[in-house]
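Colleague: Have a look; sequence and predicted model below, questions after that.
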2 protein chains.
Amino acid sequence: MTKVTMADVARAAGVSKQTVSRVVNGNNRTSKETAARIQKLIEELGYRPSGVARSLATNSSRTLGLIVPALNNPYYSEIAEGAEQTAWEEGYNLLLCNVLQNPEREWAALRSLEDRGADGVIVDTPQLPDSKLFELLRHYKAAVVIGRSVPSSVAGNIVVDDEAGVGLALEHLLARNRRTIAMLSATSAYASGRVRKRAFVHFLEAHEMLDMKLVVACEPNDEASFEATVQLLQKHPSINGLVCFNDIVAAGALKALRSLDVRVPDDVAVIGHDDIRMARLLNPPLTTLTVSKRDIGVNAVRMVLDRIGGYNRNTKVVLSPELVVRESTVGKPPKSTTTRESSLRPFAE
Amino acid sequence: MTKVTMADVARAAGVSKQTVSRVVNGNNRTSKETAARIQKLIEELGYRPSGVARSLATNSSRTLGLIVPALNNPYYSEIAEGAEQTAWEEGYNLLLCNVLQNPEREWAALRSLEDRGADGVIVDTPQLPDSKLFELLRHYKAAVVIGRSVPSSVAGNIVVDDEAGVGLALEHLLARNRRTIAMLSATSAYASGRVRKRAFVHFLEAHEMLDMKLVVACEPNDEASFEATVQLLQKHPSINGLVCFNDIVAAGALKALRSLDVRVPDDVAVIGHDDIRMARLLNPPLTTLTVSKRDIGVNAVRMVLDRIGGYNRNTKVVLSPELVVRESTVGKPPKSTTTRESSLRPFAE
DNA sequence: ATGAAAGCGCTAACAG
DNA sequence: CTGTTAGCGCTTTCAT
């Protein structure tokens, strides 16, 4: 607990702080012998460089911030995991901020990270309005925004092509002769919910199959979804396909269908979004759209690090979802687990 | 992005840095007028105090570290969520470190947090040996350890009474006439796995029902559990009760039993641990042991903050699990299509 | 009520 | 190869 400083080591070694500093930072411009001697002293005295002092002197903390709306959502925790891992590998620390769906806390987290000297931030905040977000991001050396489009001057950008994903889902259902397809969307506070709903509507409109009465929204949790599904199917028993905002919603729907004695997929085929771990453990295992959440995190960190380094080449990454086909749409036999590789489609603006 | 320092504000206001400092820190020993004037300047210039510089000067960062083995595990992400929220409310930042089940990274995270000047740490690392852990913790003003017992001189302590929990589970099974009870434990690297296994063994020994061949270990993921369950039941078809290390393992087991056409709970009653969100969505919904993960996080932060403040009163918190009874042990309740199944509400026996 | 000086522990920019 | 001189932006004494 006693604090050993660089000066202590220098004194013990009979050299200047600078020399110790050079050894600590692996700067070879010191003689082998002194380097070795200092190294030994460092261990003996148990010296640990102070990151705080170093940050102040270098104006760089080797710390990144990641702001997510909820960590109990597997979607975000997987992003966090990928980001954490990558940051670690690059010698950076990740300050993870969980803002609990609260725009005020999103704002505060951004300020707080700034004060703590974070070199860059990665933000996945569905709620904070663009104007405020952009203003806050100005204060950082580098930033990356996930999940909504931003100009490359403001931040790097990682988005998921939900439009394409919903297209895949609907084509899959159509190919299996489902013609009365409903959607369990999220309440409008969710940006991706809006996108997925719009894509759904457009697609079915184009196929002249749209019935807006079959498009309902609920809070994205299994309880709300359970209720919504029960009501939806009681009102519209002819439904034979169901696209859900995410896998949690789909799980609630499956449970509801079970309680209604509606067979899946025979009576109703169900598709989720995200492929969280639970998806394959449900009964029946859930067909779902997925992108690699880990990859989002990994790419976000790479991108923000690039930007910190002054390379603004790759300003946007669009990830295309893939359909993981399981029994909730095709029934028992086809045991073929779709291999899902990350489909990374980076392009410069 | 331009850096406004305290000196800039002081200059603009025609006062010294110290006066600005006093205003920033709410020290009233400044005249109302100058305080107001400075406050105005601060807003106008967009001055933000540097947390880094302050940390260096005060030797305190108002930052806490939380080290968990895996964030994709809902168990830990809920702890993190509780901790995050509480830290935030107390004006602290939470540096979340995900160490991916890797003891080397557990070690590195502890060092890294120390270098970054974290005031305290909360550690839930199943793998790092006590001796190493204790040594590392010495460097912190305060520490709290979750999930394994430590002396109060080393750190505050939050543990779950797994012994009692396993007792609840087994009594429940016994009461339902299960006499051939197996356990799917975790590999020995997991401290709580060891505790739960020991409790299981002791309990059944005391009831003269122990058969060590029915106690098997696997990696705590659904795939390993699937395999282990298949093998276990093929070798011992008489098994009619199964206690699992956690809910993920139980989910894998349920899937395996389904594939073996073993009925749950009629043929085998299954109990998990943790009550992660997925538990009630499985088919059948899973009976499981639970404590409030959020509370663990909340308590941990409170405790470490107490210790930073010099109060070492509350050195240990023991949380007792409750058994949430669902269909995986008691079968299906009478069905109703209008009301939701009541199994959403946890209750203690 | 306010200011001056001295540092927190480190690195940067020159010297030599 | 190594040392010296200055800070980084803030807080802490101590004066005034």
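Modeller: Okay, I see it.
Colleague: Spit out the contact partners of the nearest residue to A:Gln101 once chain neighbours are set aside.
Modeller: Nearest residue to A:Gln101 in three dimensions, chain neighbours excluded: A:Pro69, at 5.0 Å (Cβ to Cβ, 6 or more residues apart in numbering or on different chains). The way it works is simple: take the backbone N, C-alpha and C, and place the C-beta from them, glycine included. Taking Cβ atoms under 8 Å, 6 or more residues apart in numbering or on different chains, we find A:Pro69 in contact with A:Tyr76, A:Asn98, A:Val99, A:Leu100, A:Gln101, A:Glu106, A:Asp124, A:Thr125, A:Pro126, A:Gln127.
Colleague: Which residues does the host helix or strand of A:Ile42 contact?
Modeller: In this assignment (DSSP states H and E), A:Ile42 forms part of helix A:32-45. With contacts defined as Cβ under 8 Å, 6+ apart, helix A:32-45 is touched by A:Val4, A:Asp8, A:Val9, A:Ala12, A:Ala13, A:Val15, A:Thr19, A:Val20, A:Val23, A:Val24, A:Thr30, A:Tyr47.
Colleague: in the stretch 101-250 of chain A, what spans have low per-residue confidence?
Modeller: A:126 (pLDDT under 70).
Colleague: again, only this time at 80
Modeller: For the stretch 101-250 of chain A, the stretches flagged by pLDDT under 80 are A:101-102, A:126-127, A:188-192.
Colleague: Could you check which residue of it lies nearest DNA strand C?
Modeller: DNA strand C sits closest to A:Gly117 of the stretch 101-250 of chain A, with a gap of 12.3 Å, by Cβ to the nearest atom of the strand.
Colleague: For that residue, grab phi and psi.
Modeller: Note on A:Gly117: its backbone torsions stand at phi 80, psi 30 [degrees, to the nearest 10].
Colleague: Neighbours of it, how many?
Modeller: 19 (other Cβ atoms under 10 Å in any protein chain shown).
Colleague: Could you do A:Pro129 as well?
Modeller: Counted with other Cβ under 10 Å, the neighbours of A:Pro129 add up to 10.
Colleague: got it, and A:Ser149?
Modeller: 10.
Colleague: now it, what's its secondary structure?
Modeller: Here A:Ser149 is recorded as coil under DSSP: H, G, I helix; E, B strand; the rest coil.
Colleague: doesn't A:Ala155 make contact with it?
Modeller: No: A:Ser149 is not in contact with A:Ala155 according to Cβ atoms under 8 Å; the separation is 10.4 Å.
Colleague: Break down chain A into its strands, ranges please.
Modeller: A:63-68, A:93-98, A:120-123, A:142-146, A:156-160, A:181-186, A:215-218, A:241-244, A:269-273, A:287-290, A:316-319, A:322-324, A:344-346 (DSSP state E).
Colleague: quick one: contacts of the fourth one?
Modeller: Spelled out, it's strand A:142-146. A:79, A:119-124, A:133, A:137, A:154-159, A:296, A:300, A:303-308.
Colleague: List the pairing partners of that strand within its sheet, with orientation.
Modeller: Applying DSSP bridges to the sheet, strand A:142-146 is found paired with strand A:120-123 (parallel), strand A:156-160 (parallel).
Colleague: now those as a markdown table including mean neighbour count?
Modeller: Output for those, formatted as a markdown table (neighbours: other Cβ atoms under 10 Å in any protein chain shown):
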| stretch | mean neighbour count |
| --- | --- |
| strand A:120-123 | 28 |
| strand A:156-160 | 23 |
